[in-house]
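*Asks:* got a structure for you, letters missing:
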């Protein structure tokens, strides 16, 4: 009886070993199909292989759904030409395809060098279907570490509701292809010296996310958000002559403004002190500034988006403000471990010339024009 039991156990162990061997071979073959470098594939565990495979399948489905009509037309044209040209056309077609792939890769690398950030494709459930390879430069986390994970695992809990609102698709989004523009905080494994650390020691990095909605109505396709994510504050090494800097109290009243504002808007720095930035904003763009102000209070950094700022004497110019909350160096008495905000620092980029210079949009413009 004991011998039979031992024999059955031995058979069971051998069967288990065989199953594990077959499973390892299947995962090995699957990892070889992933478009990754061999050094990266060699260190993938089974959950990572499954996660990346599903992510690449979804990305393939998305791209296939995006170019279906074009592909069908191209196939029909090439099929007719193959019948006429035979083998010679097939060789020429392969050469052209290889050339197109090289050109597409060079174009993609050029865009990533120009873009001060990385690309992100989000499903409507928040899954990170794709991130561009340069994400590690900004997050300290590699493309393979993030792809397939859910965005809510890496973002600040206070930003989850805003992210959900941007992921939610409405009837208007389906028909109009709505744009997305929001700020979120995400975990970053980069230290202040640019070195990578482990995720447990990660800090929060503020990202400005802009993009559009891609809605797919067919069951086999994927609806998603196509976003460019830029870290804040943006690292502009040179400020052009069409830029001025200013400091504000937490209610957005000017406490300092540099001299370039006179050339750009006509105001002297002294007459702006104590005035609110809302006094200089076009009435129709107040919501834009309010959103920027709330992002600053909650997330410490923000980009306003384009809005109209009134010019002294009449008219307005289009501007965009990049802002950050500067904390004080001394902790408060009530909260020794925390730093109270000292001020808000703004870098404002003037994007246009003066429009409607004869139009007064506020009482202040009328007075200033009379005094001039």
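*Replies:* Nice, thanks for sending it over. Given the structure is predicted, the values throughout are model-derived calculations rather than measurements. Residues are numbered from 1 along each chain as shown.

*Asks:* ok, now which ones touch the spatially most central residue of the chain?
*Replies:* Closest to where the C-alpha atoms of the chain average out (C-alpha atoms, centre = their mean) is residue 229, at 1.9 Å. Applying C-beta atoms under 8 Å, 6 or more residues apart in numbering to residue 229 gives the contacts 117, 118, 119, 120, 138, 207, 208, 209. (C-beta placed from N, C-alpha, C; glycine too.)

*Asks:* Could you give the number of residues near residue 116?
*Replies:* Residues within reach of residue 116, counting by other C-beta atoms under 10 Å, total 12.

*Asks:* If you could redo that for residue 246, that was the one I meant.
*Replies:* Counted by other C-beta under 10 Å, the residues lying close to residue 246 total 22.

*Asks:* In three-state terms, how would it be classified?
*Replies:* strand (DSSP: H, G, I helix; E, B strand; the rest coil).

*Asks:* hey, where'd the helices end up in the stretch 201-350 of the chain?
*Replies:* Along the stretch 201-350 of the chain, counting by DSSP state H, counting those that start in this stretch, helices occupy 260-265, 269-272, 286-299.

*Asks:* Out of those, which gets nearest to residue 184?
*Replies:* Residue 184 lies closest to helix 286-299 among these, at 7.8 Å (C-beta to C-beta).

*Asks:* which parts of the closest one are buried?
*Replies:* Across helix 286-299, burial judged by 16 or more other C-beta atoms under 10 Å covers 288, 289, 291, 292, 293, 295, 296, 299.

*Asks:* Just the residues contacting stretch 37-45, thanks.
*Replies:* 31, 32, 34, 36, 52, 144.

*Asks:* wait, the last one sits on residue 49?
*Replies:* No. With contact defined as C-beta atoms under 8 Å, residue 144 and residue 49 do not form a contacting pair (10.2 Å).

*Asks:* These two: who's more crowded?
*Replies:* residue 144 (21 against 18).

*Asks:* So the more buried one: helix, strand or coil?
*Replies:* Under three-state DSSP, residue 144 falls in the helix class.

*Asks:* on that earlier part again, please indicate which of the contacts of residue 229 are buried?
*Replies:* Among the contacts of residue 229, those scoring as buried are 117, 118, 119, 120, 138, 207, 208, 209 (criterion: 16+ other C-beta under 10 Å).

*Asks:* which among the buried residues of helix 286-299 gets closest to residue 352?
*Replies:* Closest to residue 352, out of all of these and judged by C-beta to C-beta, is residue 288, at 15.5 Å.

*Asks:* re the thing from before, farthest pair within the contacts of residue 229?
*Replies:* For the contacts of residue 229, the farthest-apart pair by C-beta to C-beta is 119 and 208; their separation is 13.6 Å.

*Asks:* Quick check: the gap between the residue nearest to residue 263 when sequence neighbours are not counted and residue 258.
*Replies:* Once flanking residues are discounted, residue 263 sits nearest to residue 241: 7.7 Å by C-beta to C-beta, 6 or more residues apart in numbering. Using C-beta to C-beta, to the nearest Å, one obtains 12 Å as the distance from residue 241 to residue 258.

*Asks:* Pick out whichever of those two has more residues nearby.
*Replies:* residue 258 (13 against 9).

*Asks:* Spit out the contact partners of that one.
*Replies:* 244, 245, 246, 269.

*Asks:* Give the other helices and strands that the longest helix along the chain contacts.
*Replies:* If each helix of the chain is counted by residues according to DSSP state H, the longest one is helix 2-33. Judged by 3 or more C-beta pairs under 8 Å, 6 or more residues apart in numbering; DSSP states H and E, helix 2-33 is in contact with helix 46-66.

*Asks:* How far off centre is the longest helix of the chain?
*Replies:* On the basis of C-alpha atoms, centre = their mean, to the nearest Å, helix 2-33 is displaced by 45 Å from the centre of the chain it belongs to.
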